[in-house]
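S.K.: sequence first, predicted coordinates after that:
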There are 2 protein chains.
Amino acid sequence: MGAASVKWRCIFVLYYYFALDTITIKDIARALNLSTSTVSRALRDSYEINPETKRLVIEYAERLNYRPNPIALSLRENRSRVIGVVVPQIANNFFSQVINGIEAIAYNRGYHVIIFQSHESFEREVLTVQQAVARKADGLLISLSSSTSDVTHIRELQEKKLPIVLFDRVAKELDSISVTADNFEAAFAATEHLIQTGRRRIAHITIPPYISITQERLAGYRAALEKYGIPYDENLLRYAGFGQNEVEPIIDDLLGQSPDAFFAASDRLALGTLAALKKRGIAIPGQVSLIGFTNTPVADLLAPPMSTVEQPALEIGQVAAEQLINLIEGKYKGLQPERIKIPTRMVVRESSVVDVDAKSNVN
Amino acid sequence: MGAASVKWRCIFVLYYYFALDTITIKDIARALNLSTSTVSRALRDSYEINPETKRLVIEYAERLNYRPNPIALSLRENRSRVIGVVVPQIANNFFSQVINGIEAIAYNRGYHVIIFQSHESFEREVLTVQQAVARKADGLLISLSSSTSDVTHIRELQEKKLPIVLFDRVAKELDSISVTADNFEAAFAATEHLIQTGRRRIAHITIPPYISITQERLAGYRAALEKYGIPYDENLLRYAGFGQNEVEPIIDDLLGQSPDAFFAASDRLALGTLAALKKRGIAIPGQVSLIGFTNTPVADLLAPPMSTVEQPALEIGQVAAEQLINLIEGKYKGLQPERIKIPTRMVVRESSVVDVDAKSNVN
DNA sequence: AACGTTCCCGACAACGTTTGCGTGAATAAA
DNA sequence: TTTATTCACGCAAACGTTGTCGGGAACGTT
């Protein structure tokens, strides 16, 4: 009895410990009476292995479903085939679409993606980037948090020659490849559209000023105003953070400046603005026009359907991933880091279409 | 000249190769004239190391910002501190929120998250799961693809004792921990709400029938009908795939059955239904009511604001991650695998609010 | 003085893989 | 027959870390 129970316990323990145990090159070597080096070379189809031996090894490996241990490879080759992606928030349509694009390219080129979130916090961004480095990511795709004004933590990594590509929220101070939407053009087009439909007092509600896209979009906005001889009124400009209820008071405040249009620089802000305006019973586009920067697929279904500048999120992710992997694999030896701008697309919907009468009135 | 250029090239090469080189335990040992074992023990605060030596080592390590190499640790300990997440699509509000929840918990408990997408394809799911295993993930969080009817690829892993937790799209055949919304209750509540507002011919448009949630939701729908003595009419039931334009013809088809309400079993389907109905000029809720299963934050801003059953995506992710990590860390020795249901919340908005007159007419 | 403890520390193996080098055997060339 | 050459394979080191073992020195106990 005792002996039997011990026996069963042993079997259980063995099963438990070895069941998940994937087969290694050593197992193959032992089974075939070869050395690990021979097996390794056979699997890599080295010329210095007898074809017959190769056949044996490969057959056996396939039969037992051998998979090389990527961790051992990483340790040896000092590369992980992992790229780290640092975004402010995953649960944001824009970023999840970008990640989608990244993953597609990475997958095709044999890399995996580890996601890190900075939660719009500078401190967490620093920590998270360190984590990614400690995890031995081969390269980093970063979109800066909105509270990041100091980028030395990134610069240090660049100086250590860690491949880095920035996307969307980039920093001018960093001399790296960057991939963004053409924010200037997009903002210019949106503003111009509002002007051409007769609007003059165009409020611009945007995200914190540190990050690059804010400045580019603001520049586009101002350039359009200037082109049409409309003076820039900084009372019509507001920065909104990422809190829950930040938008409403800002809208209230802006309404005091009697704007006839709102240009919101992000998805979240556009929706917040729409909600606030509706809540206050302000007619869109009757009293004010609205156009947003967005990636929501439902702009069409809103009330009213919302004009937007669409950012090619998927494409940004794809291009950024391609650039990074090229960088990792050393295909850019001497070239200058490039700043890539992906064109956007403006979709005019009801929220900014002023009918002819109203337009002539306004004018 | 030649010698100088060679010298510079050497320096460049050295710099290039060693700049990123993080410091190892060996470097510390060499610098302090100790053995690697001593350094290792000193850093782990072993009792058998002289306090003075410890101080020296720890000081030096901190000064040079030593970080243990997680890859070496993984190789040695046969664990990666990585959890693999397999979802049909990242760029889906529900899943990105789930991932958000997963990441939050994983981060706190010292794990990282690698994302895999099955793109709703069975073949890619199998491949991707294999990838995750080959990558030595310590455990897997899986939401099955809609085309997955055979789950042997998952079962095999379970039999190999790989910790697995299923969420949202689970399979009854698999004896594992699962975390889902309470789909039956949610569907029951939604249907009951439609009935209580006077609807009788309630169309149900849902996702492919293999996956668990479809069946649970359908069961809830039917149970509500039964409770109110309304015969189940299978002509009012439609399955939609994940193609671009699948919803519209289905709606057209359903409209032939003169329904007075639509209950859509997913976010995407609800929005597609809304779009199709609007396109056809059908008044909501005048002619038909609409209620969706959704996670979109903009339901309120739609025209009309859409009634929804909200799934607690973030919470599902958190609970699933917790369960998995407990499983990985062996905290469940003998316990039965649990099927956890997270309660949902129904939010009634205009799209299903029938005014009194209309209601009495319909009745 | 002989012995047992305690304290600190180093050597070594192991995790899975690749690779430079060495080597015995068979073959070819002299 | 001797000497090169080619072929096919094994040995050992390395990647960074931890744990087992063992051992020298200093101390305390008979």
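M.R.: Nice, thanks for sending it over.

S.K.: CA only for contacts and neighbour counts going forward, please
M.R.: Will do.

S.K.: which residue packs closest to residue A:176, ignoring adjacent ones?
M.R.: Spatially, and ignoring its direct neighbours in sequence, residue A:176 is nearest to residue A:337 (5.3 Å; CA to CA, 6 or more residues apart in numbering or on different chains).

S.K.: how about residue A:241, secondary structure?
M.R.: Following DSSP: H, G, I helix; E, B strand; the rest coil, we place residue A:241 in the coil state.

S.K.: these two touch, right, residue A:58 and residue A:40?
M.R.: No: here residue A:58 does not reach residue A:40: they are 10.1 Å apart, not a contact under CA atoms under 8 Å.

S.K.: which residues do these two both contact?
M.R.: A shared contact of residue A:58 and residue A:40, defined by CA atoms under 8 Å, 6 or more residues apart in numbering or on different chains, is any residue touching both; here there are none.

S.K.: sorry, back to before: pLDDT score assigned to the residue nearest to residue A:176?
M.R.: Predicted confidence (pLDDT) for residue A:337: 77.

S.K.: next: residue A:171.
M.R.: The predicted local confidence for residue A:171 comes out at a pLDDT of 90.

S.K.: gap between it and DNA strand C?
M.R.: Distance, residue A:171 to DNA strand C, by CA to the nearest atom of the strand, to the nearest Å: 38 Å.

S.K.: wait, that residue sits on residue A:214?
M.R.: No: counting by CA under 8 Å, residue A:214 is not a contact partner of residue A:171; they are 11.0 Å apart.

S.K.: so who does the residue of the stretch 51-200 of chain A found nearest DNA strand D touch?
M.R.: With CA to the nearest atom of the strand as the measure, the residue in the stretch 51-200 of chain A that lies nearest DNA strand D is residue A:76; the distance is 3.3 Å. Residue A:76 makes contact with no residue under the criterion CA under 8 Å, 6+ apart.

S.K.: which element is it on?
M.R.: When elements are assigned from DSSP states H and E, residue A:76 belongs to helix A:70-77.

S.K.: now swap in residue A:157 and tell me
M.R.: Secondary structure from DSSP H and E places residue A:157 in helix A:152-159.

S.K.: which residues of chain A lie near DNA strand C?
M.R.: A:23-26, A:36-38, A:40-41, A:44, A:67-70, A:72-73, A:75-76 (CA under 7 Å from any atom of the strand).

S.K.: other residues contacting the helix holding residue A:157?
M.R.: Where contact means CA under 8 Å, 6+ apart, the residues beyond helix A:152-159 that reach it are A:126, A:164, A:174.

S.K.: for the helix holding residue A:76, buried residues please.
M.R.: Of the residues in helix A:70-77, those scored as buried under the neighbour-count criterion (16 or more other CA atoms under 10 Å in any protein chain shown) are A:70, A:71, A:72, A:74, A:75.

S.K.: now do it and helix B:70-77, the angle between them.
M.R.: In terms of direction (axes from the mean of the first three to the mean of the last three CA atoms, to 10 degrees), helix A:70-77 departs from helix B:70-77 by 130 degrees.

S.K.: pull the CA atoms of whichever helix or strand comes after helix A:70-77 into PDB?
M.R.: Secondary structure here is assigned by DSSP H and E; on that basis, the next helix or strand after helix A:70-77 toward the C-terminus is strand A:82-87. What follows is strand A:82-87, C-alpha atoms only, in PDB (Å, rounded to 0.1, in the frame of the first residue of the first chain):
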ATOM      1  CA  VAL A  82      10.200  41.900 -29.100                       C
ATOM      2  CA  ILE A  83       9.300  45.500 -29.700                       C
ATOM      3  CA  GLY A  84       8.000  47.600 -26.900                       C
ATOM      4  CA  VAL A  85       5.100  49.900 -27.500                       C
ATOM      5  CA  VAL A  86       4.600  52.700 -25.100                       C
ATOM      6  CA  VAL A  87       1.200  54.500 -25.400                       C
END
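
S.K.: write out the residues of chain A neighbouring DNA strand D.
M.R.: Where chain A comes near DNA strand D, counting by CA under 7 Å from any atom of the strand, the residues are A:33-39, A:47-51, A:53-54, A:72, A:75-76, A:78.

S.K.: ok, 10 Å please
M.R.: Within chain A, the positions near DNA strand D by CA under 10 Å from any atom of the strand are A:29-30, A:32-42, A:46-57, A:71-78, A:134.

S.K.: now, those residues that are in helices?
M.R.: A:29-30, A:32, A:36-42, A:51-57, A:71-77, A:134 (DSSP state H).

S.K.: start from the N-terminal end of the stretch 251-363 of chain A and give the helices.
M.R.: In order along the chain, the stretch 251-363 of chain A carries the following helices (DSSP state H, counting those that start in this stretch): A:267-279, A:313-328, A:356-362.

S.K.: could you say which of these is packed most deeply?
M.R.: Ranked by mean neighbour count, the helices of the stretch 251-363 of chain A are led by helix A:313-328 with a mean of 23 (mean count of other CA atoms under 10 Å in any protein chain shown).

S.K.: next, the angle strand A:82-87 makes with that one.
M.R.: Between the direction of helix A:313-328 and that of strand A:82-87, the angle (the same axes, to 10 degrees) works out to 140 degrees.
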